[in-house]
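*Asks:* Quick one: sequence plus predicted model below, questions after.
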Amino acid sequence: MTILATTLLVLAAAGGHAQGAPAPDELGDVRWQHDFEAARAAAGRSGRPMLVLFQEVPGCQTCVHFGQGPLSNPLIVEAIETEFEPVVVFNNQPGPDATVLRACGEPGWNNPVIRFFDGRGRDLIPRKGGVYHEGGVAFRMMEALRAARRPVPDYLSRVVAESSPARVAHATIAMHCFWEGEAALGGLDGVLATSAGILEGHEVVDVTFDPVTLPYERLITEADRRDLASKVYARSDGQWQAARKIVGSRAARSDEASRPAGDDDQKRHLRLSPLRTLDLTPMQAARVNAALAAGESSDRWLSPRQKAKAHELLSAAR
């Protein structure tokens, strides 16, 4: 038995967290356990790794943003709750939390750190602090599952692709109908998000995309091919030169941001569907909106929990 596991055996009757109370913002939407030893025992029985959040509650803005960001992403929440034994340890509280903190060698009053343990209390992957964005959290979850020889849900890799800050670009394209534009462009591989807006009196779609998967030139070509590029607003010299080669005089330089269209005009096909109440990431919303516009099933873009809810919503609407 490890030193950590031995130390924590004394905590079996301790811990516990007030039930029914609203969860602090620092904890996001995850349903956490608050008893490390109970979670360790559950991991031993289930084979699922422990995912341990060391978090300051109440905490600083970094702690709050972590809860409202990664810990509120619906796909990360689902993976934490279904693929791991999730437990939170407050790093600024006395009693059992402080005992766990010392046993794990974690500092008090610290920014959030997520660690992954097996059922014997051993780290599955090395500890790493400063991982505060959704893609980084999802990537480490995937690493931990592989280290535990557990299956890795496909939807976690989509979180990594959607959230990687090193692979994000933006384009603004004017067209005759932003409902049609969001439906068509939102289905392109490499598009991370779309939104409908108004710029210089034109209906536009603002596209966030991965320029590695979907180069800017290909995005503009696809929009033009679909008659969805009455004007292309370039944000840089590189974009303007690329757009000029494709759409000629319809390329325009502009540093002005578009004004968001009304809520009823955003993801119009999704908004008119029973699926509008699903908790989706921006990329999922773009893909589901496109699938609905094409009369296709959106199942491939949904996690198991979302898929079950979608089928429930569609059945109730019939």
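*Replies:* Noted; the coordinates are in hand. Numbering: from 1, shown residues only.
*Asks:* So which residues of the stretch 201-318 of the chain form strands?
*Replies:* Assigned by DSSP state E, counting those that start in this stretch, the strands in the stretch 201-318 of the chain fall at 202-209, 231-234, 251-253, 259-260.
*Asks:* can you list the ones you listed in CSV and add mean pLDDT, mean neighbour count and distance to residue 25?
*Replies:* Quick note: C-beta positions are derived from backbone N, CA and C, even for glycine. Below are the strands of the stretch 201-318 of the chain laid out as CSV (pLDDT from 0 to 100; neighbours: other Cβ atoms under 10 Å; distance: least, Cβ to Cβ, whole Å):
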stretch, mean pLDDT, mean neighbour count, distance to residue 25
strand 202-209, 97, 23, 25
strand 231-234, 97, 23, 36
strand 251-253, 95, 16, 41
strand 259-260, 97, 11, 25
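*Asks:* Can I get these in JSON lines including distance to residue 218?
*Replies:* Output for those, formatted as JSON lines (distance: least, Cβ to Cβ, whole Å):
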{"stretch": "strand 202-209", "distance to residue 218": "10"}
{"stretch": "strand 231-234", "distance to residue 218": "13"}
{"stretch": "strand 251-253", "distance to residue 218": "16"}
{"stretch": "strand 259-260", "distance to residue 218": "26"}
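*Asks:* So which of the ones you listed is nearest residue 185?
*Replies:* Closest to residue 185 of the strands of the stretch 201-318 of the chain is strand 202-209 (Cβ to Cβ; 5.7 Å).
*Asks:* got the CA coordinates for that closest one in PDB?
*Replies:* Extracted C-alpha coordinates of strand 202-209, given in PDB (Å, rounded to 0.1, in the frame of the first residue of the first chain):
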ATOM      1  CA  HIS A 202     -24.900  43.300 -44.800                       C
ATOM      2  CA  GLU A 203     -25.900  40.000 -43.300                       C
ATOM      3  CA  VAL A 204     -22.700  38.300 -42.400                       C
ATOM      4  CA  VAL A 205     -21.500  35.100 -40.800                       C
ATOM      5  CA  ASP A 206     -18.500  35.300 -38.500                       C
ATOM      6  CA  VAL A 207     -16.600  32.000 -38.700                       C
ATOM      7  CA  THR A 208     -14.100  30.700 -36.200                       C
ATOM      8  CA  PHE A 209     -12.000  28.000 -37.700                       C
END
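*Asks:* which residues are in contact with it?
*Replies:* With contacts defined as Cβ atoms under 8 Å, 6 or more residues apart in numbering, strand 202-209 is touched by 168-178, 181-182, 185, 188, 190-198, 216, 219, 228, 230-231, 233, 258, 261, 282.
*Asks:* Can you tell me which of the strands of the stretch 201-318 of the chain is nearest to residue 81?
*Replies:* The closest of those to residue 81 is strand 202-209. By Cβ to Cβ, the value is 27.6 Å.
*Asks:* thinking again about what came up before, select from the contacts of strand 202-209 every entry located in strands.
*Replies:* 169-175, 191-198, 231, 233 (DSSP state E).
*Asks:* and the residues you listed, which are buried?
*Replies:* For the ones in strands among the contacts of strand 202-209, a burial check counting by 16 or more other Cβ atoms under 10 Å picks out 169, 171-175, 191-198, 231, 233.
*Asks:* now, among the residues you listed, which is nearest to residue 145?
*Replies:* Distance to residue 145, by Cβ to Cβ, is smallest for residue 192 among those, at 23.7 Å.
*Asks:* For that closest one, which residues are in contact?
*Replies:* Counting by Cβ under 8 Å, 6+ apart, residue 192 has contacts 161, 162, 168, 208, 209, 210, 282, 283, 286.
*Asks:* Max pairwise distance over those: which two?
*Replies:* Among the contacts of residue 192, 168 and 286 lie farthest apart (Cβ to Cβ), at 14.0 Å.
*Asks:* higher neighbour count, the two?
*Replies:* Applying other Cβ atoms under 10 Å to residue 168 and residue 286 shows that residue 286 carries more neighbours, namely 28 against 14.
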